[in-house]
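Engineer: Give me a 3D structure for the following:
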Amino acid sequence: MVEKIVTVTNRAGVHARPSALLVQTTKNFKSNIYFEKGVDRINAKSIMGIITLGAAYNTQLKIIADGEDEEAAINSIVKLFEAKFEEE
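Structural biologist: Prediction:
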């Protein structure tokens with residue numbers, strides 16, 4: 001299992017478009033992938049789950065991946081956050 005904390009740095013936060021990008025990315029991996037915000041843990045392959053997290057600007061999220069391609073999954077997701085979901 002691999003865990004990584006990321007910060008939402010795009011001004012609009014994780015709304016519908018970034019959520020869709022995250023789901024498109026996570027669906028490419030066999031690992032179980034989750035996002036945690038506070039006490040809430042959601043499946044990162046669920047667009048509704050991601051949207052309901054309400055991850056606004058400067059929110060910290062923990063990414064958890066567990067499975068055969070966990071490192072690659074975490075790295076791909078972190079790249080999306082670092083690129084601000086290509087919105088800015």
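Engineer: Quick check: end-to-end length of stretch 54-64?
Structural biologist: Using C-alpha to C-alpha, to the nearest Å, the end-to-end distance of stretch 54-64 comes out at 18 Å.
Engineer: ok, and what's touching that stretch?
Structural biologist: Taking contacts as C-beta atoms under 8 Å, 6 or more residues apart in numbering, the residues outside stretch 54-64 that touch it are 1-14, 33-37, 41, 44, 53, 74, 77-78. Where you see a C-beta, it was placed from the backbone N, CA and C, and this is true even at glycine.
Engineer: Swap in 7 Å and give it another go.
Structural biologist: For stretch 54-64, contacts defined as C-beta atoms under 7 Å, 6 or more residues apart in numbering pick out 1, 3-8, 11, 13-14, 34-37, 74, 77.
Engineer: Compute the number of surrounding residues for the closest residue to S19 other than its chain neighbours.
Structural biologist: Using C-beta to C-beta, 6 or more residues apart in numbering and skipping the chain neighbours, the partner closest in space to S19 is I50 (4.2 Å). Using other C-beta atoms under 10 Å, the number of residues around I50 comes to 25.
Engineer: what does the model give I50 for pLDDT?
Structural biologist: Looking at I50, its pLDDT stands at 96.
Engineer: OK, contacts around it?
Structural biologist: Each residue near I50 by C-beta under 7 Å, 6+ apart is listed here: V14, S19, L22, V23, F35, I42, A44.
Engineer: swap in T7?
Structural biologist: By C-beta under 7 Å, 6+ apart, T7 lies in contact with N58, Q60.
Engineer: and with 8 Å instead?
Structural biologist: Contacts of T7 (C-beta under 8 Å, 6+ apart): N58, T59, Q60, L61, F81.
Engineer: Return the entry from those residues with the maximum number of neighbours.
Structural biologist: Counting by other C-beta under 10 Å, top hit in the contacts of T7: L61 with 24 neighbours.
Engineer: Let's verify that residue: helix, strand, or coil?
Structural biologist: strand (DSSP: H, G, I helix; E, B strand; the rest coil).
Engineer: picking up where we left off before, from the contacts of stretch 54-64, which two are the most distant?
Structural biologist: Pairwise distances across the contacts of stretch 54-64 peak at 31.7 Å for M1 and R11 (criterion: C-beta to C-beta).
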